[in-house]
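S.K.: below is the sequence, then the predicted model.
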Protein chains: 4
Amino acid sequence: MSKIFVHEQLIRFSHCDPAGIVYFPRFFDLAHGTMEDWFALALGQPLPDLIRDRHIGTPTVSVQCEFSKPMRMGDTLRFELSVRKLGNASVQLAYSGKKDGVEHLRMTQTIAFMALDSGTATPIPDDLQPRIEQYLTG
Amino acid sequence: MSKIFVHEQLIRFSHCDPAGIVYFPRFFDLAHGTMEDWFALALGQPLPDLIRDRHIGTPTVSVQCEFSKPMRMGDTLRFELSVRKLGNASVQLAYSGKKDGVEHLRMTQTIAFMALDSGTATPIPDDLQPRIEQYLTG
Amino acid sequence: MSKIFVHEQLIRFSHCDPAGIVYFPRFFDLAHGTMEDWFALALGQPLPDLIRDRHIGTPTVSVQCEFSKPMRMGDTLRFELSVRKLGNASVQLAYSGKKDGVEHLRMTQTIAFMALDSGTATPIPDDLQPRIEQYLTG
Amino acid sequence: MSKIFVHEQLIRFSHCDPAGIVYFPRFFDLAHGTMEDWFALALGQPLPDLIRDRHIGTPTVSVQCEFSKPMRMGDTLRFELSVRKLGNASVQLAYSGKKDGVEHLRMTQTIAFMALDSGTATPIPDDLQPRIEQYLTG
């Protein structure tokens, strides 16, 4: 039985554009915030510590998103994060962005684990691998 | 023979993250700037006028991007924009993001034409359709 | 006895620059988020409703800030908001930005109440005036 | 006779908020872009090189701004940058933000020169001091 990480964020004035809806690049920043909290709260490995103590970064290799309904200032965006694929040195994350139970956007993002000193791919640390696997959907 | 719209932007301090490379959500903002200039300079229809005079917006329906090489502060990002698909009320744009002739990222973005008063899809205006078509790749 | 509104925000990856510290323009965005929550939670008047229902905006007329210590990814920024001056159609807000009880920045911001339809100053609504006054420092 | 550095930037969709005007924190980012170009084009010392080769950063110590008129998408913001005070390890910059010859905002920003390795103030390098002085207003 796989887990899902749930994260809610308030849509603020600065997320919205002159049309009054969230400017789409900001959804990727909001998703990144969800991922940061997933690392810290669910995996027990805050990203700042991963970077500073282990010299490992998690650059985004590819991303895709479908925006089906707009979000507006004052809305609460609920991201449901799960793991779609788990590789040796990369993870594909899936995000379902909902408002009041209805999906407004759907995103997938592939991140790589990278040794910051060499700039090359590095295996997911042994202690993190099983914790990430708990979020892998069937 | 299809056209390509070329747009160059300087990577600035504020585009970059603590790892010293462009934070990936900002590439979508940079691409949007390229699209704004394409509308204004190549199609002869500035987006602010499209919104204000014609009450037509161009929301992004879907986007996908592969990031193959990082970009850093001081780099010049050259976007080559072309049209991959041209529908009745939507356009799929392709962006190749290059530095010194080498591709660092590749993006596709589908925008819809939307009547701002009704919030529903509206056909691409007759005067814009043939101008957009000039950028349609074979 | 005047009130103080306290708001805590996590410093995220995207707030930080290549030097690893918060890029200073983002502190104004973080302060704006504090102000939004003050309107919604303390004054009982969410800004989106003020704009949409009452057609009143709150543009920033002037701002000043002293940055005495940097903030880093993973830090918790605690803003303490109070009202320094209360005019007929404007409010001067003071923000003390702290980490672990120590002040890292100090900001003042003057906002005006503006009728969005005419673009001119409008008196602070009667129901808001006494609620704002509770935060006026002696 | 002191010099003035002039820098023009197009106000883009993403700079503007739901009220259709530039969201004020973004003016500080736009001013930072002007400062970056001043370092690169006027002083002959690009900031990325200052950071990477000389290990010197230029954190902002204080900033103040008065916003007298709004700016909108499609406007061209012309910043006129000059130096108001020149210290041993700090510079106070003044920016006049104009549209069509009329001032819309006025900003001052004090930056410090900081040795990135120690995190302490460092004198302005000898080769930069006389070049900065050319922009000092009488």
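M.R.: Yep, that arrived.
S.K.: mind checking the SS state of the residue sitting nearest the centre point of chain A?
M.R.: Nearest residue to the geometric centre of chain A (C-alpha atoms, centre = their mean): A:Met35, 3.4 Å. Following DSSP: H, G, I helix; E, B strand; the rest coil, the label given to A:Met35 is helix.
S.K.: beta partners for the residue lying closest to A:Phe27 once chain neighbours are set aside?
M.R.: Leaving aside its sequence neighbours, A:Phe27 sits nearest to A:Leu105 (C-beta to C-beta, 6 or more residues apart in numbering or on different chains; 6.1 Å). C-beta: built from backbone N, CA, C; applies to glycine. With DSSP bridges as the criterion, A:Leu105 is bridged to A:Phe67, A:Gly97.
S.K.: and A:Leu105, how many neighbours?
M.R.: 24 (other C-beta atoms under 10 Å in any protein chain shown).
S.K.: which parts of chain A are helices?
M.R.: With DSSP state H, the ranges of helices along chain A come out as A:25-37, A:47-54, A:129-133.
S.K.: between those, which one is closest to B:Lys69.
M.R.: With distances scored as C-beta to C-beta, the stretch of those nearest to B:Lys69 is helix A:25-37 (18.7 Å).
S.K.: list the contacts of that closest one.
M.R.: A:5, A:7, A:9, A:15, A:46-47, A:63, A:65, A:67, A:77, A:79, A:81, A:93, A:95, A:97, A:105, A:107, A:109, A:111, B:23-26, B:28-29, B:32, C:12-14, D:14 (C-beta atoms under 8 Å, 6 or more residues apart in numbering or on different chains).
S.K.: mind doing that once more with 6 Å?
M.R.: For helix A:25-37, the surrounding residues in contact (C-beta atoms under 6 Å, 6 or more residues apart in numbering or on different chains) are A:7, A:9, A:15, A:47, A:79, A:81, A:95, A:107, B:25, B:28-29, C:12, C:14.
S.K.: who in chain A is up against chain C?
M.R.: Counting by C-beta under 6 Å from any C-beta of the partner chain, chain A comes close to chain C at A:12, A:14, A:29, A:33, A:36, A:46, A:48, A:73-74.
S.K.: I'd assumed A:Ala121 was in contact with A:Ser90.
M.R.: No: contact criterion C-beta atoms under 6 Å: A:Ser90 and A:Ala121 do not qualify, at 7.7 Å.
S.K.: nearest to B:Leu136, of the helices of chain A?
M.R.: helix A:25-37 (25.2 Å).
S.K.: of the residues of chain A next to chain C, closest to C:Ile56?
M.R.: Distance to C:Ile56, by C-beta to C-beta, is smallest for A:Met73 among the residues of chain A next to chain C, at 14.6 Å.
S.K.: burial measure for the closest residue to the closest one other than its chain neighbours, as a count.
M.R.: Using C-beta to C-beta, 6+ apart and skipping residues adjacent in sequence, the residue nearest A:Met73 is C:Pro48, 4.5 Å away. As a burial measure, C:Pro48 scores 20 neighbours (other C-beta under 10 Å).
S.K.: please, a PyMOL command that selects the buried ones among the contacts of helix A:25-37?
M.R.: Restricted to buried positions by 16 or more other C-beta atoms under 10 Å in any protein chain shown, the PyMOL selection for the contacts of helix A:25-37 reads:
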select buried, (chain A and resi 7+9+15+47+79+81+95+107) or (chain B and resi 25+28+29) or (chain C and resi 12+14)
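S.K.: which one among the contacts of helix A:25-37 gets closest to B:Gln134?
M.R.: Top of the list for closeness to B:Gln134, among the contacts of helix A:25-37 and by C-beta to C-beta, is B:Phe28 at 24.6 Å.
S.K.: wouldn't the residue nearest to A:Met73 be in contact with A:Met71 here?
M.R.: No: proximity of C:Pro48 to A:Met71 does not meet the contact threshold set by C-beta under 6 Å, at 12.0 Å.
S.K.: would you single out the least confident of the helices of chain A?
M.R.: Least confidently modelled of the helices of chain A is helix A:47-54, at a mean of 91 by mean pLDDT.
S.K.: residues of that helix that come out buried?
M.R.: Across helix A:47-54, burial judged by 16+ other C-beta under 10 Å covers A:47-48, A:50-52.
S.K.: which one among the residues you listed gets closest to C:Gln134?
M.R.: Of those, the one sitting nearest to C:Gln134 (C-beta to C-beta) turns out to be A:Pro48, at 37.4 Å.
S.K.: just to revisit the earlier point, compare neighbour counts for A:Ser90 and A:Ala121 and give me the winner.
M.R.: Each of A:Ser90 and A:Ala121 has its neighbours counted (other C-beta under 10 Å); A:Ser90 has more, 18 against 15.
S.K.: which residues touch that one?
M.R.: A:110, A:112.
S.K.: bridged to it, which residues?
M.R.: When bridges are called by DSSP bridges, A:Ser90 pairs up with A:Ala112.
S.K.: likewise A:Val6?
M.R.: A:Glu80.
S.K.: was I right to think A:Met137 contacts A:Ser82?
M.R.: I think there's a mix-up here, since residue A:137 is Thr and not Met. Yes: using C-beta under 6 Å, A:Thr137 makes contact with A:Ser82 at a distance of 5.0 Å.
S.K.: can you get me a residue count around A:Glu8?
M.R.: Applying other C-beta under 10 Å, we find 10 residues neighbouring A:Glu8.
S.K.: cool, and A:Lys85?
M.R.: 13.
S.K.: ok, now A:Thr137?
M.R.: 11.
S.K.: cool, A:Ser68 as well?
M.R.: Per other C-beta under 10 Å, the neighbour tally for A:Ser68 reads 12.
S.K.: quick one: it from chain C, how far?
M.R.: 22 Å (C-beta to the nearest C-beta, to the nearest Å).
S.K.: now swap in A:Pro59 and tell me
M.R.: Between A:Pro59 and chain C the distance is 12 Å, computed by C-beta to the nearest C-beta.
S.K.: so for the residue nearest to A:Phe27, what's the pLDDT?
M.R.: pLDDT, read off for A:Leu105, is 98.
S.K.: pretty sure it is touching A:Phe67, no?
M.R.: Yes: look at A:Leu105 against A:Phe67 with C-beta under 6 Å: they come within range, at 4.9 Å.
S.K.: using PDB, write out every CA atom in stretch A:19-28.
M.R.: Extracted C-alpha coordinates of stretch A:19-28, given in PDB (Å, rounded to 0.1, in the frame of the first residue of the first chain):
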ATOM      1  CA  ALA A  19      -5.900  38.000 -15.700                       C
ATOM      2  CA  GLY A  20      -6.400  37.300 -12.000                       C
ATOM      3  CA  ILE A  21      -5.300  33.600 -12.200                       C
ATOM      4  CA  VAL A  22      -2.000  31.900 -11.100                       C
ATOM      5  CA  TYR A  23       0.700  32.600 -13.700                       C
ATOM      6  CA  PHE A  24       1.600  29.100 -14.800                       C
ATOM      7  CA  PRO A  25       5.400  29.100 -14.100                       C
ATOM      8  CA  ARG A  26       4.600  29.700 -10.400                       C
ATOM      9  CA  PHE A  27       2.900  26.300 -10.200                       C
ATOM     10  CA  PHE A  28       6.300  24.700 -10.600                       C
END
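S.K.: buried ones in that stretch, by neighbour count?
M.R.: A:19-28.
S.K.: understood, closing this out.
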